[in-house]
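Engineer: Let's see this in three dimensions:
(2 chains)
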Amino acid sequence: MNQAKQPILEVRRLTKKYKEALAVAGIDFSIQSGSCFGLLGPNGAGKTTTIEMIEGLTPPTGGEIFFQGRPVDSRFRDHCGIQFQATALQDYLTVREVLDLFGNLYRRRAPIESLISLCGLSEFCDQDTDRISGGQRQRLLLAVALVNNPDIIFLDEPTTGLDPHARRNFWELIRTIKQQGKTVVLTTHYMEEAYVLCDEIAIMDHGTIIARGAPDQLLKRNFNRVTLEIPKAAFENGSPNDLKIPASLPGEVHLKPDTIEIHTSEVNATLEQLIKEKVSLSNLKIRSLTLEDLFLQLTQKESEK
Amino acid sequence: MIFFIKRFFTVLVARNKEFIRDQSALGWNLLFPILVIFGFAYAFSSGSQDVFKVSWVSQEEKVSTANEFEKTQYIQFIPSKDLEGSLDKLKRHQVDLVLKPRSPSQGSPSETPATDEYWINSTSPKGYLLERILKSTQTPTRIFEKQTVSGQEIRYVDWLISGLLAMNMMFSALFGVGYTMVRYRKTGVLKRLRATPLSSFEFLLAQVASRLILITGVTAAVYVGSHAFIHFKMMGSYLNLFLVMFLGAMCLISLSLCVASRTASEEFAGGLLNLISWPMMFLSEVWFSLEGAHPWVKASAQMMPLTHIIRAARAIMTEGAGLQQVSLHLGVLALMTVFFLGIGSYLFRWR
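Structural biologist: As a prediction, this is how the structure comes out:
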């Protein structure tokens, strides 16, 4: 994190209304140069609308967007790279031709060979784009997003649909891009991905930002607790449908399909209470709360409002 | 300006590669018109039409139905007072036979047998059949006398070829550009391109230019290929014909851009393109002349770009017309092109 640097991108009171529906409700955030910023949120939270307004694809209803301290204008497209979640490319063109096509559309461009090397495209760079695998395609789309040597790159759910191996390879690529000093704006549904890659995240729901900060700081701020996971069978009182859960446990109790989760900051007191109530702890698991837990908790609270 | 040209050529080259490498589409674009030309050349050389048009040249306002021939069904009699004009139409296959009944002042049937003059185009299968029908109605009091058409006659295939070339151009322009654009929009190719500095004007211009090059190349190949076997007539200037076809292709591509300017539904675009192409195919004189058709049909045909392309190309090919003689058609096509391009560009949406 480079806290002292001027933000490369700043959004002020950004708003988008579709007839009566408020998709983005006057949000503010800024992104530091060279960082990886994650925009998270459930479906329909307003992430894609926000990103598309920044990219210039959707006109905002209100608010301002600044790039390198100045309002965004047509110049911005030469400085940003975009990888959409689902993009078709022209048919019957090879990987190299696609890179060349997009490269020629920009005033500045990265050397094609270095992109092929960076994104690992050399093995299939002379193949038609409709004959490459899903993982290869995502790497090509990332290369297309980098073809103008952008200062900031927007990645919209770049690893959706990839197998775990391909996903981890993609993460390495993003890390490499970050090391080159580029700013990455990532939207994803994978909390692990956001945790691993992002320096800062913003969680959106119903068009507003409900939490923002570094992933660890957010976890620390919201969770000074751990989770105790105990199979439901340990609480059965004669039958699977009759659970006897002690009322005075020092923590929040969450019923899961097969387990009972207890979120607590007082592990010793909780364990003592469970032992006192003769709950079997033979299959007890203790784990720290994750970004996914935080995401679920925050977005659930938002839905309940 | 340099970047404008660079971006324009980049998209142009990419689109051309896409088309040329799609071998099935390319093959069909070449094969289809040749098959149609050969099919019709064969079909009409063996005479299989069943509707006839007779120019009935007389000073009378109405066609007399007193005689047997004029009572024949499935023959349309078009009254005319202009013999020269009717003979010109006969040469151009706009009518199948010209009949000039004996005028009343030339004597009454009771005194001497009436001799009615008729003309046919010797290369017209319809003319041949009509002559047979006409002669079968000959009576001692009504004798038909065959006259020859002065000047060079035009075979039906000579008349037809310009229509077929233009029709092929129409399908290539409408469906080639319209469908591609809708597919690009539906699959997100347009959205991806929009995220680059490429302007909509640069993109549309590249699409128009790409299809123009392809249509010109394919039409020239079809022309040369068909001419090698059929030896149809070309009396005018190739440069003039090229100009007509080029402007015509521009006009049809622009019309296609209008259709594909917003929708992302291939079904809707397909329906719209069919709605435009089918009336043009039948009312723009591709297959038959509109001589004798209802005035509103003729008026509708005037509003169709294909009509002007075909009339101009046909005049150049079969009559050796110069640019001045087809200037009205060229003017209409130019105006329509500007109109369609303007509307298409105004309505165009990337998504």
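
Engineer: CA only for contacts and neighbour counts going forward, please
Structural biologist: Noted.

Engineer: what residues does the stretch 101-250 of chain A put near chain B?
Structural biologist: Within reach of chain B by CA under 8 Å from any CA of the partner chain, the stretch 101-250 of chain A has these residues: A:101-102, A:104-107.

Engineer: Check the offset of stretch A:131-148 from the chain's centre.
Structural biologist: Once both centres are worked out by CA atoms, centre = their mean, to the nearest Å, stretch A:131-148 turns out to sit 19 Å from its chain's centre.

Engineer: Tell me where chain B has helices.
Structural biologist: B:2-21, B:23-45, B:83-91, B:125-136, B:156-187, B:189-194, B:200-230, B:238-259, B:266-283, B:295-302, B:305-319, B:327-347 (DSSP state H).

Engineer: of all those, which has the lowest average per-residue confidence?
Structural biologist: Lowest mean pLDDT of the helices of chain B: helix B:23-45, a mean of 65.

Engineer: quick one, phi/psi of the residue in the stretch 201-350 of chain B that chain A sits nearest to?
Structural biologist: Closest approach between the stretch 201-350 of chain B and chain A, counting by CA to the nearest CA: B:W350, at 9.2 Å. Dihedral pair for B:W350: phi -70, psi -30, per degrees, to the nearest 10.

Engineer: what about the residue nearest to it when sequence neighbours are not counted, distance to B:Y184?
Structural biologist: Distances taken as CA to CA, 6 or more residues apart in numbering or on different chains place B:L190 nearest to B:W350, at 5.5 Å, with adjacent residues excluded. Distance, B:L190 to B:Y184, using CA to CA, to the nearest Å: 6 Å.

Engineer: what about B:P295, neighbour count?
Structural biologist: Neighbours of B:P295 under the rule other CA atoms under 10 Å in any protein chain shown: 11.

Engineer: next one: A:E193
Structural biologist: Neighbour tally, A:E193, other CA under 10 Å: 18.

Engineer: State the helix or strand in which it lies.
Structural biologist: Here A:E193, judged by DSSP states H and E, is contained in helix A:191-197.

Engineer: helices or strands next to the helix or strand following that helix in the packing?
Structural biologist: Using DSSP H and E, the helix or strand that follows helix A:191-197 in sequence is strand A:200-205. Using 3 or more CA pairs under 8 Å, 6 or more residues apart in numbering or on different chains; DSSP states H and E, the elements in contact with strand A:200-205 are strand A:36-40, strand A:208-213, helix A:291-304.

Engineer: can you rerun that using 10 Å?
Structural biologist: Judged by 3 or more CA pairs under 10 Å, 6 or more residues apart in numbering or on different chains; DSSP states H and E, strand A:200-205 is in contact with strand A:21-32, strand A:36-40, helix A:47-55, strand A:183-187, helix A:191-197, strand A:208-213, helix A:215-222, helix A:291-304.

Engineer: Dump it to PDB, keeping only the CA atoms.
Structural biologist: Extracted in PDB, the C-alpha atoms of strand A:200-205 (Å, rounded to 0.1, in the frame of the first residue of the first chain):
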ATOM      1  CA  GLU A 200      -8.000  -2.700  -0.300                       C
ATOM      2  CA  ILE A 201     -11.600  -3.800  -0.800                       C
ATOM      3  CA  ALA A 202     -15.000  -2.100  -0.900                       C
ATOM      4  CA  ILE A 203     -18.100  -4.200  -0.300                       C
ATOM      5  CA  MET A 204     -21.200  -2.900  -2.100                       C
ATOM      6  CA  ASP A 205     -24.800  -3.700  -1.500                       C
END
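
Engineer: What count of nearby residues applies to residue 240?
Structural biologist: No chain in the question, so chain A it is. Residues near A:P240, counting by other CA under 10 Å, number 11.

Engineer: wrong one, I was asking about chain B
Structural biologist: For B:N240, the tally of surrounding residues (other CA under 10 Å) stands at 19.

Engineer: Could I get the contacting residues of the closest residue to B:R7 other than its chain neighbours?
Structural biologist: Closest residue to B:R7 apart from its sequence neighbours, by CA to CA, 6+ apart: A:L105 at 5.1 Å. Applying CA atoms under 10 Å, 6 or more residues apart in numbering or on different chains to A:L105 gives the contacts A:78, A:147-148, B:3-4, B:6-11, B:193, B:196-199.

Engineer: and the closest residue to A:G26 other than its chain neighbours, which of the three is it?
Structural biologist: Nearest residue to A:G26, sequence neighbours excluded (CA to CA, 6+ apart): A:R13, at 3.9 Å. Using DSSP: H, G, I helix; E, B strand; the rest coil as the criterion, the local structure at A:R13 reads strand.

Engineer: need the contact list for A:R13.
Structural biologist: Contacts of A:R13 were listed using CA under 10 Å, 6+ apart, and they are A:24-29, A:62-65.

Engineer: ditto for A:D130
Structural biologist: A:D130 touches A:88-95, A:137, counting by CA under 10 Å, 6+ apart.

Engineer: and the gap between it and chain B?
Structural biologist: To chain B, A:D130 is 12 Å away according to CA to the nearest CA, to the nearest Å.

Engineer: one step back: just give me the neighbour total for the residue of the stretch 201-350 of chain B closest to chain A.
Structural biologist: Using other CA under 10 Å, B:W350 has 22 other residues around it.

Engineer: Quick check: it touching B:Y184?
Structural biologist: Yes: using CA atoms under 10 Å, B:W350 is in contact with B:Y184, at 9.1 Å.

Engineer: Can you check which residues contact both of the two?
Structural biologist: When contacts are counted by CA under 10 Å, 6+ apart, B:W350 and B:Y184 have B:190-193, B:264 as shared neighbours.

Engineer: Looking at the residues you listed, which is nearest chain A?
Structural biologist: Distances from chain A to the shared contacts of B:W350 and B:Y184, taken as CA to the nearest CA, are shortest for B:R192 (6.7 Å).

Engineer: ok, and for stretch B:141-152, which residues are buried?
Structural biologist: B:142-144, B:149 (16 or more other CA atoms under 10 Å in any protein chain shown).

Engineer: on that earlier part again, turn the shared contacts of B:W350 and B:Y184 into TSV, including distance to B:W278 and neighbour count.
Structural biologist: TSV is the format used below for these (distance: CA to CA, whole Å; neighbours: other CA atoms under 10 Å in any protein chain shown):
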residue	distance to B:W278	neighbour count
B:L190	29	23
B:K191	32	19
B:R192	34	24
B:L193	33	19
B:A264	22	21
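
Engineer: Tabulate these (CSV), appending distance to B:P125.
Structural biologist: Below are the shared contacts of B:W350 and B:Y184 laid out as CSV (distance: CA to CA, whole Å):
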residue, distance to B:P125
B:L190, 51
B:K191, 55
B:R192, 56
B:L193, 55
B:A264, 47
